[in-house]
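S.K.: got a structure for you, letters missing:
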């Protein structure tokens, strides 16, 4: 009888070798003289191989077994650097997880390409009062109704404490236990796929958090420094296993959790002088996995370099990322809508900046950055690179959370201007992204918060935040205590807001714009060389040319008349009461109109 093939989405990969599923344990500790594995309270000696890996088989061990490693004569048991499950936190023992034990229901899921999509950035810990993956899954109908296609989860890797942003993770393959652990993530992804939603996960490989960072005890995982501390050893002696930790970890997220892609945090902090950079190697392996699975997998990079090679194909000498965030687009939009011009916003002040940045992706494309004190970036070849490879947005966890109070744009601008900003993002050739709550102009802030138990570390974080914001001109009393549970609680979305005004009106504008983008392919057309932006002398009235459609956006405080050169056939969507007279459309203050020519 012929064998019955598994579904292309079934988890048919090996049982995470070396992590105890079959009683086999392995750990890389090249400088240790002796290594033992403590499994369910009993210590077992391990044998060293020539490559620095230690191995042991423990009879009776398997799924559900608690285990940890003891190095040399150190009595402290340490969690597995490749741990998949930390039910007792980052300082406790690891627990064996069998990925194949989960029953999936997404066998018909064929994935979603990022191009043409709309991304929704979501932090599990503040999306709902419960702050769990299960509670977040109960709100997925809101996202499906909004019309987004991709849910981008902020980091879920295990970090110390209950609440935090997730960027202080120390065990890169373990799902944070207070969020629900591994099974809760699988159930969340399953629930998303049932609703046609793809899931991206933010992963952080550029540094470790300050508590529970035991990796350096096992081996030379780090070398040098970056802005957040020790830098990953990607090109020095013994760097091969370090690279494999990242590559295998990334592939495991995609394979075992059925994720549709990864967002890679601050890739500019990955110091790598090898001929084949880690990111190019990762894109090649993810491409191979996607081919085997029969569904698209996306890699979205966050990079401060403004380097188009990040999203250039490997065959053309690039790194092969599917897309990258474009903070220049955010900064230009933020300054145009709010008028703020401090810090790095100073370079984005001026009547031509927003239109020019919309046209060319990067404002700093070789120009001088006063914030950095040097030239910065390289130009995007708009004839070769599509806009879909760059994410456009009005807000992100970083841009909101790195303000002293975590205040959102809606606190500073009118609902009309928020609608204009949404229109500029959602009618652009870029891949739009919405930060959770933005779609209804949420009033809840999103400040930095953490919950480290070590009082010295907690106080150090408090002082560091105050010092950082003092240098940017904020008074100390404006900076919420990141360790106070009330700071996290203040960031939890208020789900009663979407049914009240003016939030309901802002939400309806977002729904209408996303629906229009889906209904009118010209609005999602990513070809930058066919994209034109006109602006008046003050830069307050912009016209985006999208095939046969025009978006006229009036950011000014008085109505504006724009001659479109031909009489529009119809107003497709507007946020005010646009009027057409021959070839001229008059748009009220702080409103937009989409017109068909």
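M.R.: Okay, I see it. Since we're looking at a predicted model, the values are computed, not measured.

S.K.: surely residue 497 meets residue 443?
M.R.: Yes. Between residue 497 and residue 443 there is a contact at 6.8 Å, judged by Cβ atoms under 8 Å. Where you see a C-beta, it was placed from the backbone N, CA and C, and this is true even at glycine.

S.K.: of these two, who's got more company?
M.R.: Taking other Cβ atoms under 10 Å, residue 497 and residue 443 do not tie; residue 497 has more neighbours (19 against 14).

S.K.: Just give the closest residue to the more buried one, not the sequence neighbours.
M.R.: Leaving aside its sequence neighbours, residue 497 sits nearest to residue 503 (Cβ to Cβ, 6 or more residues apart in numbering; 4.5 Å).

S.K.: and the gap between the one you found and residue 288?
M.R.: Separation of residue 503 from residue 288 (Cβ to Cβ, to the nearest Å): 45 Å.

S.K.: more crowded one of the two?
M.R.: Neighbour comparison, residue 503 and residue 288: the larger count goes to residue 503, with 21 against 12 (by other Cβ under 10 Å).

S.K.: That one: what's it in contact with?
M.R.: Residues near residue 503 by Cβ atoms under 8 Å, 6 or more residues apart in numbering: 440, 441, 442, 497.

S.K.: cool, residue 566 as well?
M.R.: So residue 566 contacts 583, 597 (Cβ under 8 Å, 6+ apart).

S.K.: Find me the pLDDT at it, would you?
M.R.: Note for residue 566: predicted pLDDT of 97.

S.K.: ok, now residue 479?
M.R.: 86.

S.K.: ok, now which ones touch it?
M.R.: Residues near residue 479 by Cβ under 8 Å, 6+ apart: 404, 405, 465, 466, 469.

S.K.: buried ones in the helix or strand where the last one lies?
M.R.: Secondary-structure element containing residue 469, defined by DSSP states H and E: helix 455-471. Of all the residues in helix 455-471, those buried under the rule 16 or more other Cβ atoms under 10 Å are 457, 458, 461, 462, 465, 466, 469.

S.K.: From residue 158, how far out is the second one?
M.R.: In this case it means residue 458. In terms of Cβ to Cβ, residue 458 sits 19 Å off from residue 158.

S.K.: can you check the fourth one too?
M.R.: Residue 462 sits at a distance of 23 Å from residue 158 (criterion: Cβ to Cβ).

S.K.: do the first one as well
M.R.: Distance check for residue 457 against residue 158: by Cβ to Cβ, it reads 17 Å.

S.K.: returning to what we had before: ok, of the contacts of residue 479, which one's closest to residue 25?
M.R.: For those, the closest approach to residue 25 (Cβ to Cβ) belongs to residue 465, at 40.0 Å.

S.K.: Go ahead and confirm the closest one touches residue 483.
M.R.: No. Taking contacts as Cβ under 8 Å, residue 465 lies outside contact range of residue 483: 9.7 Å.

S.K.: Give the full set of residues in contact with residue 472.
M.R.: If a contact means Cβ under 8 Å, 6+ apart, then residue 472 has 342, 343, 404 as its contacts.

S.K.: before we move on, the earlier item: would you list the contacts of residue 479 in TSV and tack on distance to residue 104 and pLDDT?
M.R.: Output for these, formatted as TSV (distance: Cβ to Cβ, whole Å; pLDDT from 0 to 100):
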residue	distance to residue 104	pLDDT
404	44	88
405	42	92
465	41	83
466	47	84
469	45	79
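
S.K.: For residue 26, state which of these is nearest.
M.R.: residue 465 (39.8 Å).

S.K.: show me what contacts the closest one?
M.R.: 448, 479, 482.

S.K.: need those in a markdown table with secondary structure, can you?
M.R.: Putting those into a markdown table (DSSP: H, G, I helix; E, B strand; the rest coil) gives the following:
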| residue | secondary structure |
| --- | --- |
| 448 | coil |
| 479 | coil |
| 482 | coil |
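
S.K.: give me the low-pLDDT residue ranges for this structure?
M.R.: Applying pLDDT under 70 to the chain flags the ranges 1-15.

S.K.: can you rerun that using 80?
M.R.: For the chain, applying pLDDT under 80 flags the ranges 1-16, 228-229, 468-477.

S.K.: Residue 106 is in contact with residue 295, correct?
M.R.: No. Between residue 295 and residue 106 there is no contact under Cβ under 8 Å: 10.2 Å.

S.K.: can you tell me which residues contact residue 393?
M.R.: Neighbouring residues of residue 393 by Cβ under 8 Å, 6+ apart: 121, 325, 329, 330, 425, 432, 433, 434, 435.

S.K.: would you turn those residues into TSV with distance to residue 204?
M.R.: Shown next, in TSV, are the contacts of residue 393 (distance: Cβ to Cβ, whole Å):
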residue	distance to residue 204
121	15
325	14
329	23
330	20
425	25
432	24
433	18
434	22
435	18
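
S.K.: Which two of these have the greatest separation?
M.R.: Longest span within the contacts of residue 393, Cβ to Cβ: 121 and 329, 14.9 Å.

S.K.: where do the helices sit along the stretch 151-300 of the chain?
M.R.: 181-194, 215-218, 240-256, 278-293 (DSSP state H, counting those that start in this stretch).

S.K.: So residue 439 belongs to a helix, correct?
M.R.: Yes. Residue state for residue 439 (three-state DSSP) corresponds to a helix.

S.K.: count of neighbours near the closest residue to it other than its chain neighbours?
M.R.: Leaving aside its sequence neighbours, residue 439 sits nearest to residue 510 (Cβ to Cβ, 6+ apart; 4.2 Å). Number of residues near residue 510 (other Cβ under 10 Å) recorded here: 24.

S.K.: hang on, residue 510 packs against residue 422?
M.R.: Yes. Residue 510 lies in contact with residue 422 (Cβ under 8 Å); the separation is 5.7 Å.

S.K.: how many neighbours does residue 377 have?
M.R.: 19.

S.K.: Now it: phi and psi?
M.R.: Per-residue torsions, residue 377: phi 80, psi 180 (degrees, to the nearest 10).

S.K.: Please list all residues in contact with the closest residue to it other than its chain neighbours.
M.R.: Nearest residue to residue 377, sequence neighbours excluded (Cβ to Cβ, 6+ apart): residue 306, at 3.0 Å. Applying Cβ under 8 Å, 6+ apart to residue 306 gives the contacts 328, 362, 364, 365, 376, 377, 378.

S.K.: Redo these as JSON lines? Include distance to residue 204.
M.R.: Shown next, in JSON lines, are those (distance: Cβ to Cβ, whole Å):
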{"residue": "328", "distance to residue 204": "23"}
{"residue": "362", "distance to residue 204": "24"}
{"residue": "364", "distance to residue 204": "25"}
{"residue": "365", "distance to residue 204": "27"}
{"residue": "376", "distance to residue 204": "24"}
{"residue": "377", "distance to residue 204": "24"}
{"residue": "378", "distance to residue 204": "26"}
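
S.K.: Looking at those, which are in helices?
M.R.: Those of the contacts of residue 306 mapping onto helices are residue 328, per DSSP state H.

S.K.: Put the buried members of the contacts of residue 306 into a PyMOL selection.
M.R.: A single PyMOL command selects the buried members of those (16+ other Cβ under 10 Å):
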select buried, resi 328+362+364+365+376+377
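
S.K.: So which of the contacts of residue 306 are in strands?
M.R.: Residues of the contacts of residue 306 located in strands (DSSP state E): residue 376.

S.K.: Specify which member of the contacts of residue 306 is nearest to residue 560.
M.R.: residue 328 (25.5 Å).

S.K.: circling back: in TSV: the helices of the stretch 151-300 of the chain, plus distance to residue 337.
M.R.: Below are these laid out as TSV (distance: least, Cβ to Cβ, whole Å):
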stretch	distance to residue 337
helix 181-194	31
helix 215-218	42
helix 240-256	35
helix 278-293	33
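
S.K.: from the buried residues of helix 455-471, which is closest to residue 413?
M.R.: Of all the buried residues of helix 455-471, residue 413 sits closest to residue 469, with 21.9 Å by Cβ to Cβ.

S.K.: before we move on, back to that, out of the contacts of residue 503, which two sit at the greatest distance?
M.R.: Most distant of these, by Cβ to Cβ, are 441 and 497, 8.1 Å apart.

S.K.: how deep is residue 407 tucked in, by neighbour count?
M.R.: Applying other Cβ under 10 Å, we find 15 residues neighbouring residue 407.
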